[in-house]
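>>> Model the following, please.
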Amino acid sequence: MYNALAYNYDDNYLYAVVTNALQSAVPKGALIKIGADGGYERVGTDTFVDAGNAGRDINMGAYNADRDELWMMSAQGVTIFRIDASTGTLIDSFPLDHVHDGLAEGSDWAFSGGELFSLGRDGIYRLDLDDLDNPTTATTTRWDVPTGAGSSQTGDQAGAAWTYYWGDDLGFSYNGSGDVIRIRVSGADQANPTFTVVAAKGGAPSGQNDGAASPGVVDLEIAKTGELINDDTQVRYILTVSNVGSVDAPGWSLSDTVPDGLENVVVSGDGSPVVSGRDLDASGGVLAVGDTRTVTVVADIGDADSLDNVAVVQLENSAIAEPNLANNEAAVSLAVPADPDDPAAPDTGVERTPMWPAYGALAAGLLLVAGVGGRRLIGRRDS
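Reported below is the predicted structural model:
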């Protein structure tokens, strides 16, 4: 068996610490990673055992995506382990200033805003370190359980904790009641964070629960088209942002630099687009899977020497980076139309459509065509 589940966003494996030896080569305290098919393999050769009691299970686990580190501890222990997730080796271990009470302080934890939080019967707790890069001891700070996050069971505590992929919200599941709570944390690293329950629902009770969350795949895509309009005197670009991933995008931003020489640039569409000089910016909030947002740019061609253009979209308000950036940029290339009034203008293959036919004078004389007696006479009269 294993516990202290944590999800590694970078390699998409679950990590855990063995509580009962799985085989001789995978003893109690070994770190393993677990694939989607349920198979596992040991990571590194280190074992992780609480200094206060080697028999205690390591059952609190969380992954710090910013540092590619696992943080593990026993819910009844004093030893905090900081582990290199890629190698399974111990970075350092250091003591909590008291024996952690899994019932009062919760028996699993998760990161929000770079800080570790747990939820117990007596409150929500944050692990506070004297120096994150070289910690020597740790304390905890307590706040009241936020309104709406209390369990219906006396003395219940959250044995499962995870981070929602947007990075600020924490998820907890109580052992006794099975209630699942989503808590938004504002100012996680401040002296007095704000905790707000944004969702709560019933779940299956279990004394052996644990929690971790896969962020899914956030994948924004941008497409861009361009065309000449209004008798080739203007250009129109249409920029379309789409969420082609498997989870909702928490926010998006679009940037573009319109070609030099364009005049009277007008933008419209989603994300409150604005242009400052040549810089176009637009941004928006949640973009659900399959949804799109569109921005239109119209400008006079003016003295532009090039109509080639590139637009970029990126993810906003997320602790998780996009794994696929190949579709975050879109380019369009258009030929500048020739000026019909400029005889020296190069032949670009694109001509502006004249507003009316051009007529030339007959300098040498007037051509007369007439039909006489069923015959056609063609004569010339000199001027």
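>>> can you give me the strands for the stretch 201-350 of the chain?
220-229, 234-243, 252-257, 263-269, 274-276, 279-284, 292-300, 309-315, 329-332 (DSSP state E, counting those that start in this stretch).
>>> between those, which one is nearest to Phe48?
Shortest distance between Phe48 and the strands of the stretch 201-350 of the chain, using CB to CB, is found for strand 309-315: 34.1 Å. Placement of C-beta: from N, CA and C, glycine included.
>>> Name the residues of the closest one that are buried.
For strand 309-315, a neighbour-count test (16 or more other CB atoms under 10 Å) marks Asn309, Ala311, Val313, Gln314, Leu315 as buried.
>>> swap in stretch 176-185?
Result for stretch 176-185 [16+ other CB under 10 Å]: buried residues Gly176, Ser177, Gly178, Asp179, Val180, Ile181, Arg182, Ile183, Arg184, Val185.
>>> Next, the contact list for Pro95, please.
By CB atoms under 8 Å, 6 or more residues apart in numbering, Pro95 lies in contact with Ala51, Val78, Thr79, Ile80, Thr137, Ala138.
>>> show me what contacts the fifth one?
Same thing as Thr137. Phe94, Pro95, Leu96, Asp97, Leu129, Asp130.
>>> Who is the first one paired with across the strands?
Applying DSSP bridges to Phe94 gives these bridge partners: Ile80.
>>> wouldn't it be in contact with Asp133 here?
No. Phe94 lies out of contact with Asp133 (CB atoms under 8 Å); the separation is 12.0 Å.
>>> Could you check which of the two has the larger neighbour count?
Shown here are Phe94 and Asp133; by other CB atoms under 10 Å, Phe94 has more neighbours (18 against 7).
>>> So for Gly211, which of the strands of the stretch 201-350 of the chain sits nearest?
strand 309-315 (24.6 Å).
>>> For that closest one, output the C-alpha coordinates as CSV.
Only the C-alpha atoms of strand 309-315 are listed here, as CSV (Å, rounded to 0.1, in the frame of the first residue of the first chain):
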residue,chain,number,x,y,z
ASN,A,309,1.6,40.3,-39.6
VAL,A,310,2.0,37.9,-36.6
ALA,A,311,-0.3,37.5,-33.6
VAL,A,312,0.4,35.7,-30.3
VAL,A,313,-1.9,34.3,-27.7
GLN,A,314,-0.9,33.1,-24.2
LEU,A,315,-2.4,31.7,-21.1
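>>> Just checking: what are the partner strands of that strand?
Going by DSSP bridges, the partners of strand 309-315 are strand 252-257 (antiparallel), strand 329-332 (antiparallel).
>>> how far is that strand from where the chain is centred?
Distance of strand 309-315 from the chain centroid (CA atoms, centre = their mean, to the nearest Å) equals 14 Å.
>>> who touches it?
218, 220-222, 224, 226, 237, 239, 241, 249-259, 280, 321-322, 328-332.
>>> Now do the phi/psi pair for Phe117.
Dihedral pair for Phe117: phi -130, psi 150, per degrees, to the nearest 10.
>>> who touches it in this structure?
Phe117 neighbours (CB under 8 Å, 6+ apart): Trp109, Ala110, Phe111, Ile124, Tyr125, Arg126, Leu127, Ala161, Leu170, Val185, Ala188.
>>> sorry, back to before: could you dump the buried residues of stretch 176-185 into JSON lines and include distance to Gln153 and pLDDT?
Converted to JSON lines, these look like this (distance: CB to CB, whole Å; pLDDT from 0 to 100):
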{"residue": "Gly176", "distance to Gln153": "3", "pLDDT": "90"}
{"residue": "Ser177", "distance to Gln153": "5", "pLDDT": "92"}
{"residue": "Gly178", "distance to Gln153": "9", "pLDDT": "91"}
{"residue": "Asp179", "distance to Gln153": "9", "pLDDT": "92"}
{"residue": "Val180", "distance to Gln153": "14", "pLDDT": "93"}
{"residue": "Ile181", "distance to Gln153": "13", "pLDDT": "93"}
{"residue": "Arg182", "distance to Gln153": "19", "pLDDT": "93"}
{"residue": "Ile183", "distance to Gln153": "18", "pLDDT": "94"}
{"residue": "Arg184", "distance to Gln153": "24", "pLDDT": "92"}
{"residue": "Val185", "distance to Gln153": "24", "pLDDT": "93"}
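>>> ok, so of the buried residues of strand 309-315, who is nearest Val18?
Leu315 (35.8 Å).
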